[in-house]
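Chemist: Fold the following for me, if possible:
(chains A, B, C and D)
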There are 2 protein chains.
Amino acid sequence: MNSAVTAIRNDAADLTGPAAAGYSARQNDVLETALALLVEGGERALTTAGVARAANCSKESLYKWFGDRDGLLAAMITFQSSKVRGASGADSPATRPAFRASLVGFAEDLLKVLSGDVSLALNRLAIGEARRDAAPLGRLVREHGRRPIEARLSALLEGGRTLGFIAFDDTRETYRTLYGLMVRDMHVRLLLGEAGGDDLAADAGRAIDQFLRLFGVSEEASEPGRQRPGAGNERTG
Amino acid sequence: MNSAVTAIRNDAADLTGPAAAGYSARQNDVLETALALLVEGGERALTTAGVARAANCSKESLYKWFGDRDGLLAAMITFQSSKVRGASGADSPATRPAFRASLVGFAEDLLKVLSGDVSLALNRLAIGEARRDAAPLGRLVREHGRRPIEARLSALLEGGRTLGFIAFDDTRETYRTLYGLMVRDMHVRLLLGEAGGDDLAADAGRAIDQFLRLFGVSEEASEPGRQRPGAGNERTG
DNA sequence: AGCGTACCGTACCGTACGGTTCGGATGTCT
DNA sequence: AGACATCCGAACCGTACGGTACGGTACGCT
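Modeler: Numbers count the residues shown, from 1 in each chain, chains lettered A, B, ... in the order given. Now for the predicted structure:
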């Protein structure tokens, strides 16, 4: 039943009971089976009748709770994101190895989430629905999924900068470069259906190594002649 | 009509006439309007009746030429990729600035193609169709779209290595890191419907600068103590 | 007991799509 | 000219979906 959830084994994932978002327990169950249905068969398998049958509820209730099919899709996204949120990145680590470890841990978490079944299915859904002008589901995914990631990682980066571990000008630019080093083309490849047997931990370590070689400040910091922070960032600042 | 094509203004894009792939001129026209339809309205707008009406052909001809709807989708992918292919990266540049310029040019081309309307629409189509197990369209996109890019860029990288401009062990790993530095999260953001007003040229230059700082070999090469090529790559080799 | 609410299960409706068939028009080859 | 192929336009069919309506049931409240 809830095997779809166990794919994303994030910290707050196990509390399926008490209304994680603004939904009742019964509605949570329905959203859960809807997610499982989506993971298994893609968008085509996510019919209102199918959800009602799999969740042992009536279509009438579906429409009462979620308005219409689009409302159900939106609810699935916010529901899933409400489970993943939270956890790591509380306060900035004080020592240099702790800072690196924090970055590596963040990278591992990110790669794990992005390669999760539910995340991939929801991203496929939002992308498949998107057109050039309007993409309401894509907007939801960005707001609830990617923006909090950027916020937490940006805080981590700026913390490392104030402590002198790294140096950069534009936070957003630096975040996006780090994101590129971590994710590379993995996400799109997985979205396109390629099997992702990558070693996430090794990828995380490599990405952070490369990032620190680009933005890291050498141990004997202070003297400004030695450090070579992210040159060229001011171009987009 | 064919305004959708002009978005990807690649070198071989203007020869719409003589059967670019294995299709007749008439079929090319049909595929062209089908792509325009897809770009405009997404997958839902790509109905067989709609394509027939927009292209002034009969559904009977559609089914005779492409088998069924899936065949039409596949034909659209191969057709589009057959137009983009070719051009840059003939032989490896001999001087260091030429090598860098070649990389920057490649990056600009890649970013331009990836952010093109038709490319985005086809990627959205393939991704929306993909499930965890089977993704025939995704496979087509990878084979016809991403693989040739990797091949050409890999050749460029290895050419630069033999000339001593850069140093690395695993070609594929190095390619993927460069890809990550170039594209970052731009592709997925565009796929999710975010407006992409980025400065592609600036992005290309920054990516290549960062890549060369990671993998470049200093001017006074030879002495092996100075150069610090991509450490950690052997982990995945 | 009586009433209201929430819900399930099913049947139903309108629509839109993929795919097929057919008549007729426009060629092209001999 | 006549035979043949190609193709368009339109009608058609079966199916499957989104959305609605209805009967029946369990539960809580007064």
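Chemist: what stretches of chain A score poorly on pLDDT?
Modeler: A:1-21, A:86-90, A:197, A:221-237 (pLDDT under 70).
Chemist: Near DNA strand D, which residues of it are found?
Modeler: A:44, A:46-50, A:58-60, A:63, A:68-70 (CB under 7 Å from any atom of the strand). (Each C-beta comes from the backbone N, C-alpha and C, glycine too.)
Chemist: Output the contacting helices and strands for the helix ranked longest in chain A.
Modeler: As assigned by DSSP state H, the longest helix anywhere in chain A is helix A:96-114. In terms of contacts (3 or more CB pairs under 8 Å, 6 or more residues apart in numbering or on different chains; DSSP states H and E), helix A:96-114 is packed against helix A:147-162, helix A:171-183, helix A:186-191, helix A:200-215.
Chemist: tell me which of the residues of chain A next to DNA strand D is nearest to DNA strand C?
Modeler: Proximity to DNA strand C was ranked across the residues of chain A next to DNA strand D by CB to the nearest atom of the strand; first place goes to residue A:58, at 3.1 Å.
Chemist: picking up where we left off before, of all the helices and strands packed on helix A:96-114, which one is nearest DNA strand C?
Modeler: Among those, helix A:186-191 sits nearest to DNA strand C (CB to the nearest atom of the strand), with 22.2 Å.
Chemist: before we move on, the earlier item: ChimeraX command for the buried members of the residues of chain A next to DNA strand D?
Modeler: Under the burial definition 16 or more other CB atoms under 10 Å in any protein chain shown, those of the residues of chain A next to DNA strand D that qualify are selected in ChimeraX by:
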select /A:46
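Chemist: can you redo the residues of chain A next to DNA strand D as JSON lines with secondary structure and distance to residue B:140?
Modeler: Below are these laid out as JSON lines (DSSP: H, G, I helix; E, B strand; the rest coil; distance: CB to CB, whole Å):
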{"residue": "A:44", "secondary structure": "helix", "distance to residue B:140": "19"}
{"residue": "A:46", "secondary structure": "coil", "distance to residue B:140": "24"}
{"residue": "A:47", "secondary structure": "coil", "distance to residue B:140": "26"}
{"residue": "A:48", "secondary structure": "helix", "distance to residue B:140": "31"}
{"residue": "A:49", "secondary structure": "helix", "distance to residue B:140": "31"}
{"residue": "A:50", "secondary structure": "helix", "distance to residue B:140": "28"}
{"residue": "A:58", "secondary structure": "coil", "distance to residue B:140": "40"}
{"residue": "A:59", "secondary structure": "helix", "distance to residue B:140": "36"}
{"residue": "A:60", "secondary structure": "helix", "distance to residue B:140": "41"}
{"residue": "A:63", "secondary structure": "helix", "distance to residue B:140": "37"}
{"residue": "A:68", "secondary structure": "coil", "distance to residue B:140": "33"}
{"residue": "A:69", "secondary structure": "helix", "distance to residue B:140": "29"}
{"residue": "A:70", "secondary structure": "helix", "distance to residue B:140": "29"}
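Chemist: ok, which pair from the residues of chain A next to DNA strand D is furthest apart?
Modeler: Largest separation among the residues of chain A next to DNA strand D by CB to CB: A:44 and A:60, giving 23.0 Å.
Chemist: just to revisit the earlier point, buried set for the longest helix of chain A?
Modeler: A:96, A:99-100, A:102-114.
Chemist: and the next helix or strand after it with chain B, contact?
Modeler: Using DSSP states H and E, the helix or strand that follows helix A:96-114 towards the C-terminus is helix A:117-129. Yes: counting by CB under 8 Å from any CB of the partner chain, chain B is contacted by helix A:117-129 at A:117, A:120, A:121, A:123, A:124, A:125, A:126, A:127, A:128, A:129.
Chemist: Can I get those residues in TSV including neighbour count and distance to DNA strand C?
Modeler: Formatted as TSV, the residues of helix A:117-129 next to chain B follow (neighbours: other CB atoms under 10 Å in any protein chain shown; distance: CB to the nearest atom of the strand, whole Å):
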residue	neighbour count	distance to DNA strand C
A:117	19	25
A:120	22	25
A:121	28	22
A:123	25	23
A:124	29	19
A:125	22	19
A:126	27	21
A:127	27	19
A:128	23	14
A:129	22	15
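Chemist: contacting residues for the closest residue to residue A:149 other than its chain neighbours?
Modeler: Nearest residue to residue A:149 in three dimensions, chain neighbours excluded: residue A:110, at 6.5 Å (CB to CB, 6 or more residues apart in numbering or on different chains). Applying CB atoms under 8 Å, 6 or more residues apart in numbering or on different chains, we find residue A:110 in contact with A:149, A:182, A:183.
Chemist: Which of those residues are buried? Put it as a ChimeraX command.
Modeler: Buried residues within the contacts of residue A:110, by 16+ other CB under 10 Å, are selected in ChimeraX with:
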select /A:149,182,183
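Chemist: Relative to residue A:164, which of the contacts of residue A:110 is nearest.
Modeler: Out of the contacts of residue A:110, the member with the shortest distance to residue A:164 (by CB to CB) is residue A:182, at 22.8 Å.
Chemist: Look at the spatially closest residue to that closest one that is not a sequence neighbour and say how many residues are nearby.
Modeler: The shortest distance from residue A:182 to any non-neighbouring residue, by CB to CB, 6+ apart, is to residue A:207 (4.2 Å). Residues within reach of residue A:207, counting by other CB atoms under 10 Å in any protein chain shown, total 26.
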